[in-house]
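J.: Following is a predicted model, sequence given first.
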Amino acid sequence: MNQRTYRIAVDVGGTFTDATLCEPGSGKLISAKALTTPRDRADGVLDAIRAVLEAGGVSPDQVVEVVHGSTAGTNALIERNGARVGLLTTEGFRDVLEIGRIMRPEAGLYDFSVDLPLPLVPRHLRLEARERIAADGSVLIPLDESSVEAVAEHFAREKVEAVAICFLFSFLNPTHEEKAAEILARKLPGVPISLSAHVSPEIREYERSSTTVMNAYLTPIMNAYLDKLQPRLRDYLGPIRLSIIQANGGSTTVDLARSNAVTTVNSGPAGGVVAAAFYGRNNDRDRIVSVDMGGTSFDIGLIENGISKVTTEGAFQGLPVKIPIIDLHIIGAGGGSIAWRDPGGALNVGPYSAAAMPGPACYGRGGDKPTVTDANVVLGRLNPDNFNAGRMQLDADAARRAVASLARQLGLGLEQTALGIIKIVNANMVKGIAAVTILRGIDVRDFSLVSFGGAGGVHAVDLARDLGMAEAVIPPLPGTFSAVGLLVTDMRHDYVTALGGLPVDKADIAALESHFQDMEKKGRDALTAQGFAAKDIELVRLADLKVTGQTYELSLPLPVHGRLDKAGLDQLIASFAALYRECYAFFFEGEPIELVNLRVSALGHNAPVALPHPAAAGPDPSMAGTGQRAVYFEETGFTTTAVYDRALLKPGMIVSGPAVIEETTSSTLIPPGTQAMVAADLGLFVPLGRPLSDPLVTSAMGAAS
Amino acid sequence: MTDFITMQVVRYGLEQVADEMGYTLVRTGRSTIITEIKDISCVVTDVDGQTVAQAHHNPSLLAGFEITMKELVKKYRPEDLAPGDVIVMNDPYKGGQHIMDLYAIAPAFHDGALIGFVGNITHHSDLGGVAAGGVAGGVREIYLEGLRLPFVKLMKAGREDEEIFAIIANQIRVPDKTLGDIRAQVSSLMVGTERLARMYDRYGPATMQQACRDLLDYSERRMRLGISNLPDGTWHGEDVIDDDGINDRPIRVAVDVTVRGDEVIVDLTGSDPQAEGNINSTLANTHAAAYYVLIAVIDPEAPPNSGCYRPIRVVTTPGTIVNPRPPGAVAARTNTSQKIVEAMLRAFSQVIPERVTAGSHGQISTCGFGGTDPRTGKPFIYTDIQGGGSGGRPYRDGRDGQDSHLPRFMNTPIEVIERQFPIRIDRYEFIPDSGGAGQYRGGMALRRDIRILADQVSFARYGDRHKFAPQGLFGGKPGSTGAILLNPGTPNERSMASKGLDIVRINDVVSIRLPGAGGFGSPAKRNADLTSDDLRNGKITLEAAERDYDYKPE
């Protein structure tokens, strides 16, 4: 019998399901693809695993773990085909979920037709219990159990498939929610129940309800999917560990994924951010903006101090979720974004997308609207004969026709129009990146832009330059880079204790310490039960603080490790003041400060993954050259540009712009005046405004030079 | 001109500057009216004070910058201004809205030259006056409405003017909150000036200035194009305000909208004379209403800047409800400007019925509670603003219980209110049958029951539509009227006026019921499935279904 040592990541995308196998010891990665099977996605998962085992010559009984990025939750939310949920609220408040925050969406500022998304539970399935917890957590009106029993009967009649409970102030006192859950569970056997005090124990009733309801909405979907997948994996692979990736960037167990289904939404893009953080760590970069540009969307993530930025003010499909999730900003910009002239004569790109069908005009599938991809073809930046590893022939004439028709409307030349499309989509992306960086007071000048996804490479250097960033980085295998995140991520469990706004000078330090220890114990016990050795368990303490009277908190890790004491608390306060000043320009000394929440993130570290470091070569890249073609640049017009095959590049080579580097699933544009250094792990590093001798530049070359 | 591409790139950059200012203000503000309700707006202007970009917050506050900035550049020559200066102003007769809305404006410099201004406007929870919250109805003179500041340099070259801060502190009830909010406005401006200068570094002054001019021309061109697609003609619309909080008689807002070629004239001269109570709409507020409707029906996607306003002429008579003379009081002005919106939509319904909505709740019910918190012995001010129904649309039901038209804001979470103030919320819900029947139903009204947990609390408010309901269109029925009930369902129940100032006592319950909205089109044309859905969801009662929609129970 073989020893089980191989780990496999499986990422389900819209078209393909990717599987990546990690060889133990060497850390070598092998990828394979299968078609995604929308009717039963487990089929595609099994197909992809079979394919990758075959490609790696590995037998099923050598596999120890499958890390799975499931889109079951995300899809159910997009398609609105989740469970029929019943919501139980405090008497007088069943409409909180639908009233929301009463503000119409920004796009509806002047446009009467724009609406907020409908709530996941219609009014007739939102019922009330007689009870009330006061603002200090004390019981004002005891729970009337008969009112809950009446609700249970109604839910049973209505055949609800899941129940959410959200009572006011349950984050300070969960007893009423817990008692109501007991009663409902008795009357509704087999129906999963989500409690707001468990799913999202934080202040703000609407956001907490929204999160809890979403969890209930997705629980039966997640259960059904895992019920299908688990036995099939067991039959094929034997007793493996199945981990599910979460939107917080960590993985979790199947059991926890079943009870916290909301945490799995949008976990795929989160994997990309984790991969970028990992890649940065390997190359001594701890400040990164990660961008994933595909056909329809552009996902932006932020990494500071090597840690992916996490938010508790996020939203999925326009519905707020108050749980820690990787702070991803997703905008509708991609290769398929359509360019159009508006009534005032200006050129716009997106938000409409040609998507995969009909796709850009150059796909020759009936699309005739000019897209970003078409503009890249017109400018010679994409090679019509070598797109997607030559599996797809692009129709350059169709691209030119589409862009030319727009050029006539604008009264501009063909190339000028194509370049305009690129500049505007770039400006959109720059604005999107600024929203998660500059808007949060983060100066991006010392950050690296790590770009992946099929469409990213032709834009990455321009974006980084426009933002004044230090460098653009295109890691190896940008097309399947997200899967790397699934392999390198930690098992992660987040815990929160709400303090409801406790002035720091009144804080009982021993009580704070005991809250932290309680959460740490939960995390340690969970990870130990999941098979993590003590040395692989990391417990991170965080605190959310705010200035008294303000209502938004800043979350920060405790600056001092170990037992909390007076000095540690003082340092936390000083760190808060510094962070506050950084974010908002001013901090008035002597302001009273409050503790809002204490948090613990419990991390279980997996075996390290290492990207291979092939043998280095000299700086001359000519052996990787495949020829040259004319590529259009703003300053120089059509310019003779060298073309390289990425698969032939060796560590240590330096590619000087103008150049195009082509590979199976992507192309990278090296504009004039810039240079790409091939790193030890075959990543492409393009330093901007820095001499090649700068330590930041040379560090990635490490073993290569 | 610059090319359209540079113009668009600069536009996104300027919008980003305005967005960052708004973000900073919300994050650093102290009062829930800023941090939760978000009753703020931010702009970037050129050196002439023309708005080139706005943060998308509150349309009623934005147009106010037009008049204010014209006055400001008249008063301050470039040599009177230095980096780090901050000028504040809240005079309704100098382009301001009402006393509670404080404008803060900072000049922005690049290489020592003035390049424009950044500004924000914030609804404060208190700037003095007859009642906490500044929202008492039935007030006769502007002098009773709070501290009226002319243009004043609050910061000089980055230093606070302590004397002016001290004057303000003396006039207000909870200085630490309000001064904190004013400092949040300052922080937001400092972020704005820094970011704008950075854009000038990046693109150079010549390109920036040209791109700003192009942006204004571009919006103007879009508006003119949209207007010229309408037939020439004049259409009339009207609406009424219940009363002015002092005299029990309705006040009329009347408008003639004329389209001539690529221009629009909004003639409000037929409106009633200035009122004794404080529902008078200042010029800035009246203009904001006219601009809002025209952008909405002509081209809602045009970048909203001063260029949009060029083809629009607003005509008013001084001394009327839409252009009062001092010392007329103005705090409740939004009840009038929302009626301007309604009257204009009614006028446009005669020519572009597919682009209007039926009557919305058409008011802004703002309530201010002030007193002493028995838990801390400290004064408190709680401001509550709620949405009502939005009018039925030519293609869909109206939005239920949301802000509509001029204001755009959020409610305050119940848990945040109860943690901060001696207040408990007993109910927060939709009111069945409040949306007017129609092929497309009017939006539903909200009810919020507020229990007072301190004694001797002042309850100031202004609202409207307690007497005259939001109107339906094309056969749609009117929406419900609003009401304020004290201690509903008890022997002490009594109805309270929509505008006023009272003292409420510990354990009193103030039940605020907002107006609904009118339906669009005849109810006979409503899809039966929508009626059954509404019935099942308790949005309409069986009685109403049978009466309005000829519904037959199975």
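T.: Perfect, I can see it now. Numbering: from 1, shown residues only, chains lettered A, B, ... in the order given.

J.: ok, longest helix in chain A?
T.: helix A:205-237 (DSSP state H).

J.: Quick check: residues of the stretch 401-550 of chain A near chain B?
T.: Within the stretch 401-550 of chain A, the positions near chain B by CB under 8 Å from any CB of the partner chain are A:410, A:412, A:419-420, A:423-424, A:427-428, A:430-431, A:434-435, A:438-439, A:500-501, A:547, A:549-550. (Each C-beta comes from the backbone N, C-alpha and C, glycine too.)

J.: What sits closest to B:Q209 if chain neighbours are left out?
T.: Spatial nearest neighbour of B:Q209, chain neighbours left out: B:D46 (7.3 Å); criterion: CB to CB, 6 or more residues apart in numbering or on different chains.

J.: Check A:L502 too.
T.: Distances taken as CB to CB, 6+ apart place A:L595 nearest to A:L502, at 4.7 Å, with adjacent residues excluded.

J.: Kindly report the same for B:S306.
T.: Leaving aside its sequence neighbours, B:S306 sits nearest to B:Q50 (CB to CB, 6+ apart; 4.0 Å).

J.: Contact partners for the one you found?
T.: Contact analysis of B:Q50 by CB atoms under 8 Å, 6 or more residues apart in numbering or on different chains lists B:M69, B:L216, B:N305, B:S306, B:G307.

J.: didn't the residue nearest to A:L502 look like it was pressed against A:L499?
T.: Yes. At 5.1 Å, A:L595 counts as touching A:L499 under the criterion of CB atoms under 8 Å.

J.: What count of nearby residues applies to B:M344?
T.: Neighbour count of B:M344, defined by other CB atoms under 10 Å in any protein chain shown: 28.

J.: Would you agree it is in contact with B:V293?
T.: Yes. If you go by CB under 8 Å, B:M344 and B:V293 touch, sitting 4.3 Å apart.

J.: about what we covered before: between A:L595 and A:L499, who's got more neighbours?
T.: Neighbour comparison, A:L595 and A:L499: the larger count goes to A:L595, with 25 against 17 (by other CB under 10 Å).

J.: Specify the beta-bridge partners of that one.
T.: On the basis of DSSP bridges, A:L595 is bridged to A:L502, A:L545.

J.: Then the one 5 residues further on?
T.: With DSSP bridges as the criterion, the beta-bridge partners of A:V600 are A:Y495, A:R541.

J.: Who are the contact partners of it?
T.: A:V600 makes contact with A:D494, A:Y495, A:F516, A:M519, A:E520, A:K522, A:G523, A:L539, A:V540, A:R541, A:L542, according to CB under 8 Å, 6+ apart.

J.: ok, the lowest-mean-pLDDT helix or strand in chain B near chain A or not?
T.: Lowest mean confidence among the helices and strands of chain B (mean pLDDT, DSSP states H and E): helix B:59-62, at a mean of 71. Yes. Applying CB under 8 Å from any CB, one finds helix B:59-62 in contact with chain A at B:P59.

J.: Can you pull out the residues in contact with the helix or strand just after that helix?
T.: Where DSSP states H and E defines the elements, the next helix or strand beyond helix B:59-62 is helix B:64-75. If you take CB under 8 Å, 6+ apart as the criterion, helix B:64-75 is touched by B:43, B:45, B:47-51, B:87, B:89, B:94-97, B:101, B:103, B:105, B:117, B:119, B:121, B:151, B:283-285, B:287-288, B:306, B:309.

J.: Can you give me the buried ones in helix B:64-75?
T.: With burial defined by 16 or more other CB atoms under 10 Å in any protein chain shown, the residues of helix B:64-75 counted as buried are B:G64, B:F65, B:E66, B:I67, B:T68, B:M69, B:E71, B:L72, B:V73.

J.: pLDDT on it, on average?
T.: Mean pLDDT, helix B:64-75: 90.

J.: cool, and stretch B:368-376?
T.: Stretch B:368-376 carries an average pLDDT of 94.

J.: got the buried residues for it?
T.: By 16+ other CB under 10 Å, the buried positions in stretch B:368-376 come out as B:G368, B:F369, B:G370, B:G371, B:D373.

J.: Quick check: the fourth one vs B:P379, distance?
T.: Taking CB to CB, to the nearest Å as the measure, B:G371 and B:P379 are separated by 7 Å.

J.: list the residues that contact both of those two?
T.: Common contacts of B:G371 and B:P379, defined by CB under 8 Å, 6+ apart, comprise B:A132.

J.: Give the full set of residues in contact with the most centrally placed residue in chain B.
T.: The residue lying closest to the centre of chain B (CA atoms, centre = their mean) is B:P407, at 3.2 Å. Counting by CB under 8 Å, 6+ apart, B:P407 makes contact with B:D39, B:N58, B:P59, B:S60, B:T334, B:I364, B:I385.

J.: what do you get if the cut-off is 6 Å, keeping everything else the same?
T.: B:S60, B:I364 (CB atoms under 6 Å, 6 or more residues apart in numbering or on different chains).

J.: helix/strand/coil for it?
T.: Three-state call for B:P407 (DSSP: H, G, I helix; E, B strand; the rest coil): coil.

J.: Let me know the pLDDT of it.
T.: The per-residue pLDDT reported for B:P407 equals 85.

J.: Got phi/psi on it?
T.: phi -80, psi 150 (degrees, to the nearest 10).
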